[in-house]
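> okay, predicted coordinates and the sequence, questions at the end:
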Amino acid sequence: MRTGQSRRPGVLPTNARERVGVDRLVVMKTLAAVARSSTFSGAASELGISPSLVSRHVADLESQVGVRLVNRTPRSVTLTPAGFEYAAFVERILQEIEDTDAQLAGRQHTAEGQLSVICPKWIGSLDLGAAIAAFVKEHPRIRVRMELGGISDRLYDFLDRGFDVAFHARDPRDSRVRVRRVSELPFMLAASPEYLAERGTPLTPADLQQHTLISHVSDPVWRLGMGEEQVTVKVHDPIVATNAYLVMEQLVESGSGIALIPRRPALPALASGAIVEVLPQLPPPPRSLYAVHGPGGQTPERVKVFLDFMTDWFRRGETG
């Protein structure tokens, strides 16, 4: 040390504190073992490493914290006052890490915690409120956050926004996510009785070209019928094009035209006679409802039980 230069007893030089060694958590675990055994050899036996590596870990930790933690003599190893204080701190940290790891692992395998779900608004009308109510009653340790609307064209965007599950009614082929087919969603071609009384009832798909049509912006071609009998109808110049099926149903009920809409949300209007089915001999093919969730290892239990519950809910005929 140069003349005039001084430092506090037990505090290592600045250049020693700047040296970065092995992983901080590893050397902290080594100090905890030394504190328990009071010897480098005992700590080495506990950790399954050599005594020389134990000594190196302790020296490295001392360099990182900038304080001498251990007094070394040929016959013994003792902790300095700072070493005793730091070893107690290390034990608390290691115990907290162990407890947190166990807690998180437990959540992975138990149905509890926060579950965030996002889906299109029209899917939210498929009795999902009743389904969610039944779900949280069956799984009271799960807290559900559900948002309707705001589905991005990027299939995996829901993960970046903090959601666990996203519902889609289109085939979500993307290797970055996992997909489960939850249900089939029946559709129907519909109009109001008033509209048909004024404009006449279409008897064939070709007749639709003479009518006022309402379309979904992502559905400009209608497919009617099944198998070999399936026909396509291109929607030309719709009076309204929207991305909201609920708006389409309201337009149909008001007598504005004919639209291809999801059947389940329209069941009350269908039962009351506010709307009627058009070309019932050529029902549109059903569309699949998919639940998309994150990739990775094992699916969290809260997500798994939710997907199982929703699949069973729709299977029991809640879609009509």
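Arrived safely, thanks for sending. Residues are numbered from 1 along each chain as shown.

> okay, now the unreliable bits of this protein?
When residues are selected by pLDDT under 70, those of the chain lie in 1-22, 99, 101-110, 125-127, 153, 174-175, 296-297, 317-320.

> where do the strands of it begin and end?
70-72, 77-79, 113-119, 142-148, 165-168, 178-185, 187-191, 213-216, 221-224, 231-234, 240-242, 258-262, 276-277, 287-293 (DSSP state E).

> so which of these is the most packed in?
Each of these was scored by mean neighbour count; the highest is strand 258-262, a mean of 26, by mean count of other Cβ atoms under 10 Å. The way it works is simple: take the backbone N, C-alpha and C, and place the C-beta from them, glycine included.

> one step back: of all the strands of the chain, which lies closest to Y86?
Counting by Cβ to Cβ, Y86 lies closest to strand 77-79 out of the strands of the chain; the figure is 8.4 Å.

> about what we covered before: now the strands of the chain as TSV including distance to G129?
What follows is these, written out as TSV (distance: least, Cβ to Cβ, whole Å):
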stretch	distance to G129
strand 70-72	63
strand 77-79	61
strand 113-119	12
strand 142-148	9
strand 165-168	14
strand 178-185	16
strand 187-191	22
strand 213-216	23
strand 221-224	29
strand 231-234	34
strand 240-242	23
strand 258-262	16
strand 276-277	26
strand 287-293	16
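
> for A43, find the nearest of those strands.
strand 77-79 (8.7 Å).

> the closest one pairs with which strands?
Next to strand 77-79 in the sheet, as set by DSSP bridges, lie strand 70-72 (antiparallel).

> quick one: the strand it pairs with to chain centroid distance?
Mean-position distance between strand 70-72 and its chain equals 50 Å (Cα atoms, centre = their mean, to the nearest Å).

> quick check: end-to-end length of stretch 240-257?
9 Å (Cα to Cα, to the nearest Å).

> what's in contact with that stretch?
121-122, 125, 190-192, 194-195, 198, 211-218, 238-239, 258-259, 261-262, 265-266, 269, 274-275 (Cβ atoms under 8 Å, 6 or more residues apart in numbering).

> one more time with 7 Å
Contacts to stretch 240-257, defined as Cβ atoms under 7 Å, 6 or more residues apart in numbering, come from residues 121-122, 125, 190-192, 194-195, 211-218, 239, 259, 261-262, 265-266, 269, 274-275.

> give the buried residues for that stretch.
Neighbour-count burial for stretch 240-257, counted by 16 or more other Cβ atoms under 10 Å, picks out 241, 245-249, 251-253, 255-257.

> phi and psi next, for the residue most central in space within the chain.
Centrality entry for the chain: nearest residue to the mean C-alpha point is D164, 1.5 Å, by Cα atoms, centre = their mean. The phi/psi pair for D164 (degrees, to the nearest 10) reads phi -90, psi -40.

> try R170
Dihedral pair for R170: phi -130, psi 160, per degrees, to the nearest 10.

> gap between it and W313?
According to Cβ to Cβ, to the nearest Å, R170 stands 21 Å off from W313.

> kindly report the same for H168.
17 Å.

> returning to what we had before: the residue nearest to the centre of the chain and G113 touch, don't they?
No. If you go by Cβ atoms under 7 Å, D164 and G113 don't touch, sitting 9.6 Å apart.

> what's around the closest residue in space to A32 that isn't next to it in sequence, how many residues?
Leaving aside its chain neighbours, A32 sits nearest to V90 (4.9 Å; criterion: Cβ to Cβ, 6 or more residues apart in numbering). Residues lying near V90 (other Cβ atoms under 10 Å) number 21.

> wait, V90 sits on V34?
No. Under the criterion of Cβ under 7 Å, V90 is not in contact with V34, lying 10.2 Å apart.

> was I right about E91 contacting L31?
No. Taking contacts as Cβ under 7 Å, E91 lies outside contact range of L31: 9.5 Å.

> between the two, which one's more packed in?
Per other Cβ under 10 Å, whichever of E91 and L31 has more neighbours is L31, with 25 against 15.

> state the distance from that one to Q230.
For L31, the distance to Q230 equals 73 Å [Cβ to Cβ].
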